[in-house]
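Engineer: Here is my input; please provide its structure:
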Amino acid sequence: MKNHLTHHLVKSGDLNHHGTLFAGQMSNWFVEGCFVAAASLYKNPEGIVCLKVHGFHFYKPAQNGDILVIDTKVVRTGKTSITVYGKSVREEDQSILVDGFITFVTVDENGNKVPHELKNPAPKNDEEEKLQHEATQLT
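Structural biologist: Presented below is the predicted three-dimensional model:
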């Protein structure tokens, strides 16, 4: 399973009324990072759409000036689906701020699902095997 890293600097315009990163901004960055992993595997970004955000778990808030790393990887493929796991960490201390799964589907020019012929990624370790198992349990 290949990792894809995306970096973002938290700026004052990204903050909410509590002075921490607005969850909507983190969600935007997270979906984009997961899309990059799916599109990199499929090699046709125009043929992928987001089907379902299975949920984000927010562990800790991000602060103004934090550099965030969004680490994503494809953990499961179905006939037309590509499920990506992502986690966002603070670069400074590697503490996990957010994690979750997103499923994308491959579509034709009319938006109809089409098979992608991708192979399910082979887990390289126990953590990846666990993530792949979790992805199979998503509804």
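Engineer: Please enumerate the helices of the chain.
Structural biologist: Here the chain has its helices, by DSSP state H, at 23-42, 126-136.
Engineer: Could you identify which of the ones you listed is most buried?
Structural biologist: For the helices of the chain, average neighbour numbers computed from mean count of other CB atoms under 10 Å are highest in helix 23-42, which has a mean of 19. From N, CA and C alone the C-beta is placed, and that goes for glycine too.
Engineer: Next, format the helices of the chain as CSV and append distance to G55 and mean pLDDT.
Structural biologist: CSV is the format used below for those (distance: least, CB to CB, whole Å; pLDDT from 0 to 100):
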stretch, distance to G55, mean pLDDT
helix 23-42, 11, 97
helix 126-136, 12, 95
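Engineer: any chance of those helices in TSV, plus distance to H8?
Structural biologist: Below are these laid out as TSV (distance: least, CB to CB, whole Å):
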stretch	distance to H8
helix 23-42	5
helix 126-136	23
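Engineer: what's the closest of those to K73?
Structural biologist: helix 23-42 (5.8 Å; CB to CB).
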